[in-house]
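Asks: I'll drop the sequence and a predicted model, then ask my questions.
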Amino acid sequence: MNRRADRIIAVAAVAAVAVVPTVLLVAIKAGQADPKAPGELPSAAAYRPGPTASRTPSAPPSIAAFVPAGTGTPVPPTGGPSATPTAEPFTVNSFTRTTDGRLRRKIDGGGERVNEASRVVLAPRFGQSTEGLHERTVGQETTSSPLRVLIKGDTLSAFDGTKWTKTKLTERQLAQMKAASDPRLITFTVASLPGATRKGPNAAGLTRYGGASTVGQMVGFLPQNLADEVLKTVPPDTATKVEVVADGKGCPSLFTMLVDERTVTVTVRSTFGTYR
């Protein structure tokens with residue numbers, strides 16, 4: 001892939017509302033990931049860092065790891081809660097997501113904020129429309145830049161605050177983005193954490209899962225520029241608390257992440273809806 005296409009994919013990652021995991025987008029740029037059949041996510045093993053890549057996050061597990069043979073229903077493996085999302089086989093064709101992610105440095109009050117809203121279509125063909133704002137505070141000064149991305153057909157259009165840039169995506173890239181965009185991946189990642197807690201379902205059929213993880217395991221769910229700043233500030237083994245609220249099919253309605261270290265605080269809140 002040429003450098004221009006690399007830049008466009010990176011801009012798309014910035015405005016992807018963490019729908020496509022950051023780690024997968026990096027793998028797409030590097031040409032390392034292989035496309036999978038519809039509905040099957042790439043294996044996380046393909047993106048785990050080697051011994052020398054100490055600051056590279058590991059990818060979330062594949063949804064395929066949670067699907068018992070012949071059932072089509074995702075269920076977390078042994079190690080997570082015993083009672084987990086179970087329902088008839090269900091395909092997510094489209095959904096919406098909004099994300100508010102903040103990084104605050106305690107020493108000077110500076111930091112980053114990424115606020116985005118997206119509509120994502122997984123079937124019959126992958127597409128995405130995202131608008132957002134990236135704010136950066138240094139001292140008493142805050143600067144902001146708009147984030148806009150449209151993926152339609154095989155064309156990715158990105159606005160960097162000054163101009164629109166378009167590039168063509170290959171079928172391989174589109175297949176990888178589609179495969180990694182199933183929002184249920186967040187639910188099953190949190191539900192399968194060792195020692196994860198489960199409360200519910202409530203009267204609305206929603207269950208809350210919570211657990212302790214690391215930045216390296218969860219950073220793939222963040223917008224790329226926020227993820228980059230987080231990894232510059234704290235090591236990947238930094239502890240983080242995560243929660244997800246989901247229905248019986250595993251479709252999340254809320255995802256939160258908190259890092260509270262001596263020098264920095266990171267908070268992420270994503271809401272999901274309009275499932276079809």
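Replies: Structure received.
Asks: Ser213 versus the closest residue to Lys168 other than its chain neighbours, what's the distance?
Replies: Taking C-beta to C-beta, 6 or more residues apart in numbering, and ignoring the residues beside it in sequence, Lys168 has Asp154 as its nearest neighbour in space, at 5.5 Å. All C-beta spots, glycine's among them, are computed from the backbone N, C-alpha and C. Going from Asp154 to Ser213 by C-beta to C-beta, to the nearest Å gives 35 Å.
Asks: Among the two, which residue is more densely surrounded?
Replies: Ser213 (19 against 14; other C-beta atoms under 10 Å).
Asks: Just checking: what are the partner strands of the helix or strand hosting that one?
Replies: Element membership for Ser213 (DSSP states H and E) is strand 207-214. Applying DSSP bridges, strand 207-214 is found paired with strand 197-199 (antiparallel), strand 239-246 (antiparallel).
Asks: what mean pLDDT would you report for the first one?
Replies: Strand 197-199 shows a mean pLDDT of 96.
Asks: list the buried ones in that strand?
Replies: Within strand 197-199, the residues scored as buried using 16 or more other C-beta atoms under 10 Å are Arg198.
Asks: what sits opposite Pro252 in the beta ladder?
Replies: Ala246.
Asks: For it, list the residues it contacts.
Replies: Pro183, Arg184, Ile186, Thr187, Val244, Val245, Ala246, Ser270, Phe272 (C-beta atoms under 8 Å, 6 or more residues apart in numbering).
Asks: what's the spacing between it and Ala117?
Replies: 16 Å.
Asks: Could you export stretch 216-236 as CSV, CA atoms only?
Replies: The C-alpha coordinates for stretch 216-236 follow below in CSV (Å, rounded to 0.1, in the frame of the first residue of the first chain):
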residue,chain,number,x,y,z
GLY,A,216,-2.8,-3.2,26.3
GLN,A,217,-5.8,-5.6,26.1
MET,A,218,-8.4,-2.9,25.8
VAL,A,219,-6.7,0.0,23.8
GLY,A,220,-7.8,-1.6,20.5
PHE,A,221,-11.3,-0.4,21.3
LEU,A,222,-10.3,3.3,21.4
PRO,A,223,-10.1,5.8,18.6
GLN,A,224,-6.6,5.6,17.2
ASN,A,225,-5.4,9.1,18.1
LEU,A,226,-6.6,8.7,21.7
ALA,A,227,-5.1,5.2,21.8
ASP,A,228,-1.8,6.6,20.6
GLU,A,229,-1.8,9.2,23.4
VAL,A,230,-2.7,6.6,26.0
LEU,A,231,0.2,4.4,25.0
LYS,A,232,2.6,7.4,25.0
THR,A,233,1.5,8.1,28.6
VAL,A,234,1.2,4.7,30.3
PRO,A,235,2.7,1.3,29.6
PRO,A,236,0.4,-1.4,28.2
